[in-house]
Each structure stands twice: as structure tokens, then as C-alpha cells.
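S.K.: Below: sequence and its predicted model.
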Amino acid sequence: MGGEASQRLAEEVAREFRRRMLDDYVARIGRCLELLSEDEVWRKPSPSSNSIGNLLRHLEGNVRQWILCGVAGQPDVRDRDGEFAATGESESRSAADLLAALRATVTEAVEVVDGLGPDELLRTKRYQDLFDETGLGAVLHVMEHFSGHAGQIYAFTKQVKDVDLRFYDI
């Protein structure tokens, strides 16, 4: 693939990452949070499940670790266990604050991906001290991981509120 085509492909990857992460997933999670009370955000569907509050913290940690730390080289300060240990009583931030933090982290990650060229997308690095991935692999991992947990948030909201989330009206 020639240099111009490679650059166009990198730009398309960035465009899709931005669209899916901010315009789709984060916007739709925001729609869910508008419908849910603080108690519902922290309710676990079952003892072995995670609350939406846990998932918001987990998604932020994952995006930060894979894109901001792994791709952009920022320090890794993630507390993965803390993401899942938090409860409505232990968390000092509201659901709106958690969403704002998630949106800010995703926006920062989008800016990183916007700046990636073909060489950075193809460069292999170590992530979480476990996985050797290309930059493109990290971007795809984050989108896939985010999509899965966003789907959990959508399903929980629909079950609790018994409403059509009307995502295509956003």
C-alpha cells in the first residue's frame, strides 16, 4: 500500500474511532444515565455482575490504559480492582461526574488516535505487561471492549426502565 493510501487509511481509522466512541457509545450511555437514578446506576443485576457505575469506571480505565498509556506513552496509574470494588456508598462522584470523566478520557484518546499515522498504527508495543499489539490492535481492542460493556449498560437500562432507548433520535 502506497504512502498516500496508508495515510488515508490511518485517517479513516481515526474518523471511525471518533464516531463510534463519542457519537455512538458515549452519547448512548449518556442517554441511559439520563433515565437512571443514582441507585440504579450502582445496582448490580446479580451478585456476580457489575453495576453501571463499575462499568463507567472500568471503561475509563481501559481507554486510559490502552490508548493514553499504551499508545501515547502516558504513565499507567490504573486501579483495575478499584473500578470493580466501588459502590454507590464508596464512590464520591455522581453518575454525571463519572460520565463527564469518561467523556473527557475518550475525547483525549480520540485526539491521540487522530494523530496516529500508518507507522504508529503498525508499531507493536506491550500493553498491560501482557499483550504485544500494534497501535491498530489497541484501537480495535478499545472499540470492541467498549462496545461490549456499552451493550450491557443499554440492556440493563431497557430492563429496568422498560423503554425504547431511541438511540437513532440522538
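M.R.: Sure thing, it's come through. Residues are numbered from 1 along each chain as shown.
S.K.: what residue ranges in this protein score low on pLDDT?
M.R.: For the chain, the stretches flagged by pLDDT under 70 are 1-2, 170.
S.K.: would you list every one of the helices in this protein?
M.R.: According to DSSP state H, the chain carries its helices in the segments 3-18, 27-35, 38-42, 52-63, 80-85, 95-114, 118-122, 135-161.
S.K.: Between those, which one is closest to residue 70.
M.R.: helix 135-161 (5.5 Å; Cβ to Cβ). Where you see a C-beta, it was placed from the backbone N, CA and C, and this is true even at glycine.
S.K.: got the angle between the closest one and helix 27-35?
M.R.: With axes from the mean of the first three to the mean of the last three Cα atoms, to 10 degrees as the basis, helix 135-161 and helix 27-35 are set at 30 degrees to each other.
S.K.: Report all helices and strands that helix 135-161 contacts.
M.R.: For helix 135-161, the packing partners by 3 or more Cβ pairs under 8 Å, 6 or more residues apart in numbering; DSSP states H and E come out as helix 3-18, helix 27-35, helix 52-63, helix 118-122, strand 124-127.
S.K.: and stretch 6-26, which residues are buried?
M.R.: If you call a residue buried by 16 or more other Cβ atoms under 10 Å, then stretch 6-26 has these buried ones: 10, 13, 14, 17, 18, 20, 21, 24, 25, 26.
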